[in-house]
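>>> 3D, please:
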Amino acid sequence: MTAEEKVSLITEAADELKADRVVVLDVRGQTQIADFFIICSGTSDTHIRAIADRIIEKMREHGVEKPRREGMDVAQWVLLDYGDVVAHIFAPEEREYYNLESFWSGARVVELVERSRTREEAVV
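As a prediction, the model looks like this:
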């Protein structure tokens, strides 16, 4: 599965669980960690875990096994590492504090296809 296909599945899963402010950063050429970072927010620890669980489930449905993951116990910043794609699911306060969008400000913001509801898009 390509990195772009993973991005599509992960953002779709996040959207299904109504994740807030979904942003995709293309970090190719800026780091060897991954090709894409997906950043989104949940409204509570329960919501953050549900978003992470849905992403894991959807990826498994498409033949991608469990990711390396961090933060599920506290659920303030959950990281799901699929190798070339890393999903970051934040509580609003942690997202503001760590401000990955600013840290990776040189990355291209990938335009997301509008799905079932209006979503705030990041501006390049």
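
>>> need the next SSE after the biggest helix by length in the chain, C-terminal direction.
Longest helix in the chain by number of residues (criterion: DSSP state H): helix 45-61. Toward the C-terminus, helix 45-61 is succeeded by strand 68-70 as the next helix or strand (DSSP states H and E).

>>> What pairs with the next helix or strand after that next one, parallel or antiparallel?
Counting by DSSP H and E, the next helix or strand C-terminal to strand 68-70 is strand 77-81. Sheet pairing for strand 77-81, assigned by DSSP bridges, gives strand 68-70 (antiparallel), strand 85-90 (antiparallel).

>>> Comparing the ones you listed, which comes out most buried?
strand 85-90 (a mean of 26; mean count of other CB atoms under 10 Å). In this view, the C-beta of every residue, glycine as well, is placed from N, C-alpha and C.

>>> So what touches that one?
3, 6-7, 10, 14, 19, 33-42, 48, 51-52, 55, 67, 76-80, 98, 100 (CB atoms under 8 Å, 6 or more residues apart in numbering).

>>> Now do it, average pLDDT.
Per-residue pLDDT over strand 85-90 has a mean of 98.

>>> what's the angle from that strand to helix 45-61?
160 degrees (axes from the mean of the first three to the mean of the last three CA atoms, to 10 degrees).

>>> ok now strand 85-90, how far from the chain's centre?
Strand 85-90 sits 4 Å away from the centroid of its parent chain (CA atoms, centre = their mean, to the nearest Å).
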